[in-house]
Every structure is written in C-alpha cells, then in structure tokens.
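> Following is a predicted model, sequence given first.
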Amino acid sequence: MSRLTREAQLAVLRSRRHPYTDADLEHAVHLVAVSGAAALLTPLLARSCGRPRLLTVEGLLAGLFLCALERPNAVHLSRVTDVLHFSIPEPWRRRFGVKDRSDDSCGFEAAYAVVRRLFDAVLACVGSSPLPRNRRLPAETAAALRSQADAAALAGRAELLRVVVNGIVEASLDPVRPVLDRHWDGSIGIDATPVATYARGTKTGAPHTATDPDAGWYVREGDHRAPDTAPDGSAAAPAEPPPTPRRTAGRRTAGKRATGAKQQRKQRLLKRLFGYSATATTSSASRPARTAPCRSKAAGTVPPSPRR
C-alpha cells in the first residue's frame, strides 16, 4: 500500500473521529466486566518474561464494544485502533496501557500492530480449529493436521470460545435484564442462521481446501412456506397447475426447454452460501422478547458449525 493511500484512509478515520466521554468508557468497561471475557482471557495471555503488552485485554474489548455500539455492522480493528489511541481521554489510555503515538501514518501503523497482535493472541486462545486461517491447503495436508491435533485441547478452546461469546451476548442484554426476566413466560425457540464467509468455497472432494477450511456449504432448496401461505404470511389462493407446453419441433423449442429447466433449478435453489451455521436460543413472551446467549457447535463467529 502506498503512502498516499495510507494517508487517504487515515483522513477518512480522522473525519469520523469524535471524543469519547468518561461516561462512554465507564459503560464500555461495565459491559466488559459483565461479560467476564477479560477475566477469562487475561490470565491466559499473561507473560512471564519479555516486554509488557502495550494494550490490556480489557482495553481491547472496551474498544470493540465502543465500535459495536457506534456501528454494529462494521467493527474494524482500524477503527478500534483510532478509538483507543486518539479518541479516548488520557486517564483511560493509561488504564489500558496504551502508549502515546503521533497522529500520522507511522504512529497509526505502530498502534495498529499493537491492537492486531493482541487480537490475534486472543483468537489463538479460543481457536478450536487445527487448520491455519487464510490459507489454501492440499486436502491431504489438512487431513493430516486434523488427525494429529490434540482433540482435548481443541475441545477446551471451543468451550472457552462458547463461554466468552455467550458472555458478550449476555452483556448486551444487561440494561434490560430485570424487565426481560420479569415478563418471560418460558417460551423458547432455537434458530440456526447461516453466516457467510469471505472465503470462496470449494467442491466436495476438491484437491485443496478453502482459505476458511472449517466452513461448509449451506444449501436451501425449494419454498419453505406452507403450501397455502403467501409470501406476506396471509392465506394464498390455491396455485393453478402450469399449462402444458405445446410440443413443436425445431431448435427454438429445444432452447426454450433448456431455459425453462434452468429457471426451475434456480427456483428450487433459493439460497447457497459458503459459511457457518450460528445456533441461537431465543426466548419470547406475550410482552417483551429477549434473545438468550448464542449457542453453537464449532468454530466461526461463535463459532458456528458448518451446515452441509
């Protein structure tokens, strides 16, 4: 990336920058404490020797919470870096162990490296996959890594990830928890939502894995609505059978038949994506509704397991 490109991206971050108050930081730190994630992860990342980290786990999670509260659909480490190093009051930077940096491309890159290293260290503690991320591996190599992996260690990381993510989801409900507990009538539902990845999926039996090798294909075929239900949920009129096509000879008719078969296949295949299946438990009542902590089976955002 050229220097001009970096400066342009930093200019965009600066244009969106705004100072955070002590109340904002206290709210974020409270959510981190309620989630229990920092208390679980900090001992695992403690160093017995070497230089101390220039960012605490509490600070990283607080920065992630602040970005999520501001823009829930776009939590980027570049934004977290800008918040922690250039947007929060100095006493909070000292609490999080953040070092003062110059507000230029060199200072930002050094600050980003600190955030990225700690984020990768956290992922290493909770990563339940024996395969490296962002790499395409030969299928034989992937199979060998899976066979040589320590199943007990991976299961422990998966359980830690489940606890951490469920705690973060639970923290988001902290302000309304008393109301939800008071009005909940015991109704519970389970939903498996597909979560797409940026990786390009591979065919079954392909010689190489995808760059996200633990994901899988999610395929939804046909119309899952009741036969007598319209798309808006209302009762629909009975569908009339399609007219019988007139048989005529010629290349034009054969082309129409091929096009019709392709359209029918598209109609049957409503959704196909390469990703994970995040399983969430949802409880509701006649008054308010709440979403319980997310439950899932393998690695990904929670990490959800591939739904093949």
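Okay, I see it.
> Wasn't Val219 part of a helix?
No. Applying DSSP: H, G, I helix; E, B strand; the rest coil, one finds Val219 to be strand, outside a helix.
> For the closest residue to it other than its chain neighbours, which three-state class applies?
Counting by CB to CB, 6 or more residues apart in numbering, Arg272 is the residue found nearest to Val219 once chain neighbours are left out, at 5.0 Å. C-beta coordinates here come from the backbone N, C-alpha and C atoms, glycine included. Assigned by three-state DSSP, the conformation of Arg272 is strand.
> any idea which element Thr202 lies in?
Using DSSP states H and E, Thr202 falls within no helix or strand.
> I'd like to know how many residues surround the closest residue to it other than its chain neighbours.
In this structure, Thr202 finds its nearest non-sequential neighbour in Ala210, 5.1 Å apart by CB to CB, 6+ apart. Residues within reach of Ala210, counting by other CB atoms under 10 Å, total 18.
> which residues touch Ala210?
Residues near Ala210 by CB atoms under 8 Å, 6 or more residues apart in numbering: Arg136, Thr197, Ala199, Arg200, Gly201, Thr202, Phe274.
> Whichever of the residues you listed end up buried, select them in ChimeraX.
To isolate the buried members of these in ChimeraX, using 16 or more other CB atoms under 10 Å:
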select :136,197,199,201,202,274
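> Closest one to Tyr20 out of the contacts of Ala210, please.
Using CB to CB, Thr197 is the member of those that lies nearest Tyr20, at 31.8 Å.
> Now the closest residue to Arg101 other than its chain neighbours: which helix or strand?
Among residues not flanking Arg101 along the chain, Gly107 sits closest, at 3.7 Å (CB to CB, 6+ apart). In this assignment (DSSP H and E), Gly107 forms part of helix 105-126.
> How far away from the center of its chain is that helix?
Put simply, helix 105-126 sits 18 Å off its chain's centre (CA atoms, centre = their mean, to the nearest Å).
> List the contacts of that helix.
Contacts for helix 105-126 (CB under 8 Å, 6+ apart): 3, 6-7, 10, 41, 44-45, 53-55, 57, 60, 63, 77-78, 80-82, 84-85, 98-99, 101, 157-158, 160-161, 164.
> Narrow those residues to those in helices?
Secondary structure assignment by DSSP state H places 3, 6-7, 10, 41, 57, 60, 63, 77-78, 80-82, 84-85, 157-158, 160-161, 164 of those in helices.
> Quick one: residues contacting the residue nearest to Gly97 when sequence neighbours are not counted.
Nearest non-adjacent residue to Gly97, counting by CB to CB, 6+ apart: Thr56, 5.0 Å away. Contacts for Thr56 (CB under 8 Å, 6+ apart) come out as Ala38, Thr42, Arg95, Phe96, Gly97.
> show me the contacts for the fourth one.
What that stands for is Phe96. For Phe96, the contacting residues are Leu55, Thr56, Glu58, Gly59, Ala62, Leu84, by CB under 8 Å, 6+ apart.
> what is the mean pLDDT for stretch 32-50?
When pLDDT is averaged over stretch 32-50, the result is 89.
> is it true that Thr197 touches Gly275?
Yes. If you go by CB atoms under 8 Å, Thr197 and Gly275 touch, sitting 4.7 Å apart.
> Of the contacts of Phe96, which is the most crowded?
Ala62 (30 neighbours).
> Surely it touches His30?
No. Counting by CB under 8 Å, Ala62 does not reach His30; the two are 9.6 Å apart.
> re the thing from before, now the ones in helices among the contacts of helix 105-126: which count as buried?
Here, 16+ other CB under 10 Å leaves 10, 41, 57, 60, 63, 77-78, 80-82, 84-85, 157-158, 160-161, 164 buried among the ones in helices among the contacts of helix 105-126.
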